[in-house]
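Chemist: please find the sequence and the predicted model below.
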Amino acid sequence: PGQNNTVYLSLGGNLGDPAQSMGAALRILDADDSTRVVAVSSLYRTPPWGKLDQPDFLNVAAEISTTLAPRALLALCLDAERKLKRVREERWGPRLIDIDILVYGKRIIHETGLEVPHPRMLERAFVLAPLAEIAPGLAVGGRSVAERLNAVDAAGIERLP
Ligand SMILES: Nc1nc2nc(S)n(CCO)c2c(=O)[nH]1
């Protein structure tokens, strides 16, 4: 079997029961022989980014270990979204569940439909706050996630008990 790679994901949702959907998505990923969920952050309630006239989101970050190549992992994530009835509607609109690959080992990937590290992760407190909880020292673009979080406006990001 292939080598294990450490990958960080961002999960989010603002329709239905996002906490339940994100838990179910992580169970789907962990059920695949190729992939283990290693750590999951607390739940965070976060103000909508991108399209403001929609409900608040719940977000988490997760560390996984996988033997899947990046494209195959993306396919597994999209498959999990589909299983949870995620219909990909308007860009940045409300959704039941969204799974984004943030970081895949030390890989830099710029392909159609797959950009790693995630191109907008460094400007998104809803990504950086949960990620800083589980991987504060992770370097992205030469700076730690903790430093990146300090550099963004984290207003309204609420860690849930
Ligand atoms: N707070 C918040 N805003 C968002 N806007 C989009 S699009 N998404 C989906 C992930 O790109 C989110 C999200 O997960 N959380």
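Modeler: Yes, it's here.
Chemist: which residues does residue 87 contact?
Modeler: Going by CB atoms under 8 Å, 6 or more residues apart in numbering, residue 87 touches no other residue. No exception for glycine: its C-beta is placed from N, CA and C like everyone else's.
Chemist: going forward, count from 44.
Modeler: Right, with 44 as the first residue, what we last looked at is residue 130.
Chemist: how close does it get to residue 58?
Modeler: Remark: distance between residue 130 and residue 58 (CB to CB, to the nearest Å) = 10 Å.
Chemist: ok, residue 81 next?
Modeler: Applying CB to CB, the value for residue 81 to residue 58 is 28 Å.
Chemist: ditto for residue 199
Modeler: Taking CB to CB, one finds residue 199 at 19 Å from residue 58.
Chemist: now do the contacts for the residue of the chain found nearest the ligand.
Modeler: Nearest residue of the chain to the ligand (CB to the nearest ligand atom) works out as residue 55 at 2.5 Å. Neighbour list for residue 55: 61, 65, 89, 100-103, 138, 140-141, 143, 169 [criterion: CB under 8 Å, 6+ apart].
Chemist: recalculate using a threshold of 7 Å.
Modeler: Going by CB atoms under 7 Å, 6 or more residues apart in numbering, residue 55 touches 100-102, 141, 169.
Chemist: redo the residues you listed as CSV? Include neighbour count.
Modeler: Formatted as CSV, these follow (neighbours: other CB atoms under 10 Å):
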residue, neighbour count
100, 21
101, 22
102, 28
141, 21
169, 25
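Chemist: and those residues, which is closest to residue 49?
Modeler: The shortest gap between residue 49 and any of these belongs to residue 102, at 19.9 Å (CB to CB).
Chemist: quick check: the closest one touching residue 173?
Modeler: Yes - counting by CB atoms under 7 Å, residue 102 touches residue 173, with 5.6 Å between them.
Chemist: shared neighbours of the two, anything?
Modeler: Residues touching both residue 102 and residue 173 (CB under 7 Å, 6+ apart): residue 87.
Chemist: any idea what the closest residue in space to residue 72 that isn't next to it in sequence is bridged to?
Modeler: The shortest distance from residue 72 to any non-neighbouring residue, by CB to CB, 6 or more residues apart in numbering, is to residue 78 (5.1 Å). Per DSSP bridges, the residues bridged to residue 78 are residue 109.
Chemist: how far away is residue 78 from residue 200?
Modeler: According to CB to CB, residue 78 and residue 200 sit 28 Å apart.
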